[in-house]
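>>> Okay, predicted coordinates and the sequence, questions at the end:
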Amino acid sequence: MCFEDAEVVAFMDIQPVNAGHVLVVPREHYESIEDIPPSLASHLFQVSMQLAPVVKQVAGAEGLNLVVNSGVAAGQDVFHYHVHVIPRRQGDGFDIPLPFPGSEMPDRTVLDMNAARIIAAMRDPLKAWKRPERRQGVTDRRASSSQS
């Protein structure tokens with residue numbers, strides 16, 4: 001254990017990418033990024049940001065990755081939401097290549113269309129049930145006032 005408070009613990013990864021690899025984990029169980037309340041997710045990232053420069057210094061690293069894998073398709077294999085703080089060194093063999101070599105730059109209209117779809121989905125009050133706070137039993141005042 002290298003950090004703890006009332007909501008979060010941080011400890012050394014037992015299968016580290018590099019020495020100093022830390023996991024920042026909520027005490028309460030949430031499976032994925034879609035399940036964790038936004039305020040707790042923010043707290044995990046605040047703790048990760050506090051730990052990052054210390055981990056980098058202690059590990060003698062040249063850089064860092066903060067990584068969240070959410071869902072099987074994204075590489076999640078432990079289904080308890082967590083943030084990886086990974087100290088990095090040039091040539092260490094670990095890679096998250098962005099831009100991805102297999103991707104192609106889409107036409108600008110495709111980018112604009114996807115942005116518009118995201119904006120519309122974010123504004124759609126009927127999609128409120130998909131937000132994490134709704135699944136955790138916290139009611140949205142707009143949704144409850146429209147049902148009254």
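Cool, the structure landed. Numbers count the residues shown, from 1 in each chain.
>>> And the helices in this structure?
For the chain, applying DSSP state H gives helices covering 38-59, 108-123, 132-135, 141-147.
>>> out of everything not next to it in sequence, what's closest to residue 2?
residue 10 (5.3 Å; Cβ to Cβ, 6 or more residues apart in numbering). Using the backbone N, CA and C atoms, a C-beta is placed for each residue, glycine as well.
>>> do residue 76 as well
residue 69 (4.1 Å).
>>> ok now do the residue most central in space within the chain, which residues does it touch?
By Cα atoms, centre = their mean, the chain has its centre lying nearest to residue 68, at 4.1 Å. By Cβ atoms under 8 Å, 6 or more residues apart in numbering, the contact set of residue 68 is 33, 81-84.
>>> ok, 6 Å please
Shown in contact with residue 68 (Cβ atoms under 6 Å, 6 or more residues apart in numbering): residue 83.
>>> Setting aside sequence neighbours, what's the nearest residue to residue 29?
Nearest residue to residue 29, sequence neighbours excluded (Cβ to Cβ, 6+ apart): residue 80, at 5.8 Å.
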